[in-house]
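J.: This is a predicted model, with the sequence first.
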Amino acid sequence: MSPEIDADLAIVRQREPPLLKDATEPVNDALPNSRIASFEEHGHEAMLTAPDRFIEEVLAFIRETN
C-alpha cells in the first residue's frame, strides 16, 4: 500500500526539455493539493524575470490551499 501524501505543492513550469515538462502533469495528478503555473516565456529564474506574476501565482496557491 502506498503512503498517503498530505502536502501542498506548487509546480512552476518554465522553458525546459519536453521530458521535464511532461513529468509535471503526472506529479500534479498524483497530489491532491498541487497546482501548475506555466512560465513558458521565462527560464529557470521566473521569480527574477517575472516577479510580479510569480508572486501572484504563489499567493493564489496559498489562498486556494489554506
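T.: Received it, and whenever you're ready, just let me know what you need. Numbers count the residues shown, from 1 in each chain.

J.: and residue 47, how many residues sit next to it?
T.: For residue 47, the neighbour count with other C-beta atoms under 10 Å is 15. Quick note: C-beta positions are derived from backbone N, CA and C, even for glycine.

J.: Tell me which helix or strand comes right after the one helix or strand it maps to.
T.: Counting by DSSP states H and E, the element that carries residue 47 is helix 46-49. Counting by DSSP H and E, the next helix or strand C-terminal to helix 46-49 is helix 51-65.

J.: From the contact counts, what lies against that following helix?
T.: strand 8-13, strand 33-38, helix 46-49 (3 or more C-beta pairs under 8 Å, 6 or more residues apart in numbering; DSSP states H and E).

J.: Average pLDDT for that helix, rounded please.
T.: Averaging pLDDT along helix 51-65 gives 89.

J.: any idea of the angle it forms with strand 33-38?
T.: 160 degrees (axes from the mean of the first three to the mean of the last three C-alpha atoms, to 10 degrees).

J.: for this protein, which spans come out with low pLDDT?
T.: 1-16 (pLDDT under 70).

J.: Pull up the gap between residue 23 and residue 59, please.
T.: Distance, residue 23 to residue 59, by C-beta to C-beta, to the nearest Å: 25 Å.

J.: try residue 36
T.: 16 Å.

J.: Show me what the helix holding residue 47 is packed against.
T.: When contacts are defined as 3+ C-beta pairs under 8 Å, 6+ apart, helix 46-49 sits against helix 51-65.

J.: Only the buried residues of the helix it packs on, if you could.
T.: 54, 57, 61 (16 or more other C-beta atoms under 10 Å).

J.: what sits against residue 50?
T.: 39, 41-42 (C-beta atoms under 8 Å, 6 or more residues apart in numbering).

J.: Nothing else from me, thank you.
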